[in-house]
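1. below is the structure, and that's it, no one-letter string:
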């Protein structure tokens, strides 16, 4: 998975590959191999070259992709941007009088459905929460409109590109 991270107003290119409990991360061209443990929700232990680093992560519910990472000595406000998802949301909107399909960006599990079919929604309103790789992603409406189709159900497994909802 390739992401862009905004950390203290600086952009960093990140690529992450997960193999079981191992994580291979490339940050700005520097590769790091880590073992990852999650002893409790929101607490991660990263083991690298025999050293153990504890990070506590809290998500900012107000904005997708924003979180705070506490490392014991510092607190970092981080915004994660998925360039693939950003391109998809820009192209999904299409003309304002057409329909917009909300699709699963990667395989995962539907954790929550936040709207009902027929509901009126605002641009940026959360529709469905999908969990993938232990991260929850809120799929948002690219524009105001009515939910004309809803194909997501809590607990269901989804594949990349599956249509979760349609907004008209």
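-> Here it is on my side, so go on. Values in this document were obtained by computation on a predicted structure and should not be read as measured data. Residues are numbered from 1 along each chain as shown.
2. make it CA atoms for all contacts and neighbour counts henceforth
-> Will do.
3. and residue 73, that's in a strand?
-> No. Counting by DSSP: H, G, I helix; E, B strand; the rest coil, residue 73 is not part of a strand but coil.
4. residues near it, how many?
-> Residue 73 has 5 neighbouring residues, counting by other C-alpha atoms under 10 Å.
5. repeat that for residue 79.
-> Neighbours of residue 79 under the rule other C-alpha under 10 Å: 21.
6. tell me the pLDDT at it?
-> Looking at residue 79, its pLDDT reads 82.
7. identify the bridge partners of it.
-> Per DSSP bridges, the residues bridged to residue 79 are residue 6, residue 66.
8. tell me if I'm right that it and residue 66 touch.
-> Yes. Between residue 79 and residue 66 there is a contact at 4.3 Å, judged by C-alpha atoms under 8 Å.
9. right, and the helix or strand after the helix or strand of the chain with the lowest mean pLDDT?
-> In the chain, no helix or strand scores lower on mean pLDDT, DSSP states H and E than helix 83-93, which sits at a mean of 47. Proceeding N to C from helix 83-93, the next assigned helix or strand is strand 100-103, under DSSP states H and E.
10. by contact count, what packs against that next one?
-> Secondary-structure packing of strand 100-103 (3 or more C-alpha pairs under 8 Å, 6 or more residues apart in numbering; DSSP states H and E): helix 83-93, strand 163-167.
11. so where's the chain uncertain?
-> Residue ranges of the chain with pLDDT under 70: 60-65, 83-98.
12. the residue sitting nearest the centre point of it sits in which helix or strand?
-> Residue closest to the average C-alpha location in the chain (C-alpha atoms, centre = their mean): residue 137, at 3.6 Å. If you go by DSSP H and E, residue 137 is part of strand 135-140.
13. and for residue 48, the neighbour number?
-> By the criterion of other C-alpha under 10 Å, residue 48 has 13 neighbours.
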